[in-house]
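Visitor: Got a predicted structure plus its sequence, pasted below:
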Amino acid sequence: MRSGNKSTRTFRAVLLGCCLSLAASARVARAAGPAPPNLGLGHEYDLGGEREEFLLPDPLIDPSIAPDHPLYVRIRAPWALLEPRPGAYDWSEVDRIIGPYRQANYVVALCLFGENRVVDPAGTLPSAANPLVLKAWLEFLRAAAFHFKGQVRYYEIWDAPNRETQWPAARVSDFAYMLKNSSVTLRSADPGALIAQGALAIGGDTIQADLAWQQALYAQDIGTYVDVLPVHLLPGTPFAALLSRAYDLLLQNDPSAQMWAVSVPIEGQTDRDHAADLLGKFIAGQGEGAAVVSFDLETDVEGRPEFPGVLLDIHKLFLPTYTRGSGAAANFVAADDKDKRPLEGVNA
């Protein structure tokens, strides 16, 4: 947990002023190109063991987080955790997380990934080359879709598949086959589910190889099977520049899909640096076409994602279509809502 992460109101006001000016600049820069998608703000919850459990955040609770203006949570859950014995599924770890987040009006994206050595002791990955492992994987996905129907909106199929030694660029067809079958399986069990490809990992020194891998994957005609391309830019990389290149590749190959920036690190020496980096990357994400920017955040002393005030200020700044209500009290109501539901917690 980073120390002293409560931002002052003065600092937050400065950040929001910067946010408005930067957002305007980003929109001007994109005006000549395709219209950017609506931006979502979120954070990560990793069950993969990369972070201690006590550092994983609870949801933010605030009236401004509404079904028509949600926050997002991306939950990473290893296959081996959820299927501890062949054909025996244990959803309890994910259930206890999804419940509070859904009650807090978050949209849930569930990333399922990883080898499962109880299914195959050799640790082979699901593909046409490993049909028994693929069969077990698809049965696992079908069970997950039935169990989480109505709770999980997005299913992400694997994480950083371009970093798997069993799926190099020369064998990207193996991953494509698994991805297509996974998409069909999930959609058949939950027709309302949206499908994300496993997040493409991009490093500053490996960007050419990373984008070439993704281009080879697009050559396998995956477009109709995928709704989202998540991109994971590794720490220390030029965030906006690399995100822009990934978005250009998406527009060339699958323009109807969204791009998300996921597991986004916040960097810097001080808490002020961290908060400024969070804001800057959020705006850069908007300017470069990301539909959702999901940050890799630790918990604060109250169990919330760190920098909760900054997150909520950004969230409230990017509201859906609301109009100012009548009456003496300052309030906003949904312009398209027949019952004119007020937007709680926002008065300016």
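Guide: Structure received. Numbering: from 1, shown residues only.
Visitor: confidence score at A35?
Guide: You'll see A35 listed with a pLDDT of 37.
Visitor: In this structure, where is pLDDT below threshold?
Guide: For the chain, the stretches with pLDDT under 70 are 1-38, 54, 319-348.
Visitor: could you pull out the helices for it?
Guide: Assigned by DSSP state H, the chain shows helices spanning 9-30, 79-82, 92-103, 131-148, 172-189, 207-218, 239-253, 271-287, 308-317.
Visitor: In TSV, list those along with distance to W158.
Guide: Yep, even glycine has a C-beta here, placed from its N, CA and C like the rest. Shown next, in TSV, are the helices of the chain (distance: least, Cβ to Cβ, whole Å):
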stretch	distance to W158
helix 9-30	30
helix 79-82	9
helix 92-103	17
helix 131-148	10
helix 172-189	8
helix 207-218	12
helix 239-253	17
helix 271-287	22
helix 308-317	28
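Visitor: wait, which of those helices is closest to I195?
Guide: Ranking the helices of the chain by proximity to I195 (Cβ to Cβ) places helix 172-189 first, at 4.6 Å.
Visitor: on contacts alone, who are the packing partners of the closest one?
Guide: helix 131-148, strand 154-159, strand 194-202, helix 207-218 (3 or more Cβ pairs under 8 Å, 6 or more residues apart in numbering; DSSP states H and E).
Visitor: which helices and strands does the last one pack with?
Guide: Here helix 207-218 is seen to pack against helix 172-189, strand 194-202, helix 239-253 when contacts are counted using 3+ Cβ pairs under 8 Å, 6+ apart.
Visitor: relative orientation of that helix and helix 239-253 in degrees?
Guide: 30 degrees (axes from the mean of the first three to the mean of the last three Cα atoms, to 10 degrees).
Visitor: from the chain's centre, how far out does helix 207-218 sit?
Guide: Centroid separation for helix 207-218 versus its chain: 20 Å, with Cα atoms, centre = their mean, to the nearest Å.
Visitor: residue contacts, P265?
Guide: By Cβ atoms under 8 Å, 6 or more residues apart in numbering, P265 lies in contact with 235, 295-296.
Visitor: which of these count as buried?
Guide: 295-296 (16 or more other Cβ atoms under 10 Å).
Visitor: Can you tell me which of the contacts of P265 is closest to P59?
Guide: Once Cβ to Cβ is applied, the member of the contacts of P265 that ends up nearest P59 is F295, at 13.9 Å.
Visitor: Can you tell me how far the closest one is from G280?
Guide: The gap separating F295 from G280 is 12 Å, by Cβ to Cβ, to the nearest Å.
Visitor: go on, V310?
Guide: Distance from V310 to G280, by Cβ to Cβ: 11 Å.
Visitor: These two: which has the busier surroundings?
Guide: Here V310 and G280 are compared on neighbour count by other Cβ atoms under 10 Å; more neighbours surround V310, at 23 against 17.
Visitor: That one touches D277, doesn't it?
Guide: No: judged on Cβ atoms under 8 Å, V310 makes no contact with D277 at a distance of 10.6 Å.
Visitor: surely E93 meets E83?
Guide: No: when contacts are counted by Cβ under 8 Å, E93 is not listed as touching E83 (11.8 Å).
Visitor: ok, those two, which is more surrounded?
Guide: Set E93 next to E83 and count neighbours by other Cβ under 10 Å: E83 wins out with 22 against 14.
Visitor: residues contacting the more buried one?
Guide: 89-90, 116, 118-119, 136, 140.
Visitor: Ramachandran angles for it?
Guide: phi -130, psi 80 (degrees, to the nearest 10).
Visitor: quick one: buried residues of stretch 88-96?
Guide: Going by 16+ other Cβ under 10 Å, stretch 88-96 has these buried residues: V94.
Visitor: Figure out the length between the terminal residues of it.
Guide: Stretch 88-96 stretches 18 Å from its first residue to its last (Cα to Cα, to the nearest Å).
Visitor: got the contact list for it?
Guide: 47, 75, 77, 81-84, 110, 140, 143-144, 147-148.
Visitor: re the thing from before, can I get the helices and strands packed on helix 172-189 in CSV including distance to H315 and mean neighbour count?
Guide: Formatted as CSV, the helices and strands packed on helix 172-189 follow (distance: least, Cβ to Cβ, whole Å; neighbours: other Cβ atoms under 10 Å):
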stretch, distance to H315, mean neighbour count
helix 131-148, 25, 18
strand 154-159, 19, 24
strand 194-202, 21, 24
helix 207-218, 30, 18
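Visitor: Show the contacting residues for the closest residue to F175 other than its chain neighbours.
Guide: Nearest residue to F175 in three dimensions, chain neighbours excluded: W167, at 4.3 Å (Cβ to Cβ, 6 or more residues apart in numbering). By Cβ under 8 Å, 6+ apart, the contact set of W167 is 125, 127, 161, 174-175.
Visitor: again, but for R163
Guide: A201.
Visitor: and N162, how far is that from I283?
Guide: Taking Cβ to Cβ, one finds N162 at 27 Å from I283.
Visitor: With I98 instead?
Guide: I98 is 29 Å from I283, by Cβ to Cβ.
Visitor: Show the backbone phi and psi for L234.
Guide: Torsion angles, degrees, to the nearest 10, at L234: phi -70, psi 150.
Visitor: ok now do it, which residues does it touch?
Guide: Contacts of L234 (Cβ under 8 Å, 6+ apart): 201-204.
Visitor: and which of the residues you listed is nearest to V301?
Guide: Nearest member of those to V301, counting by Cβ to Cβ, is A201, at 31.7 Å.
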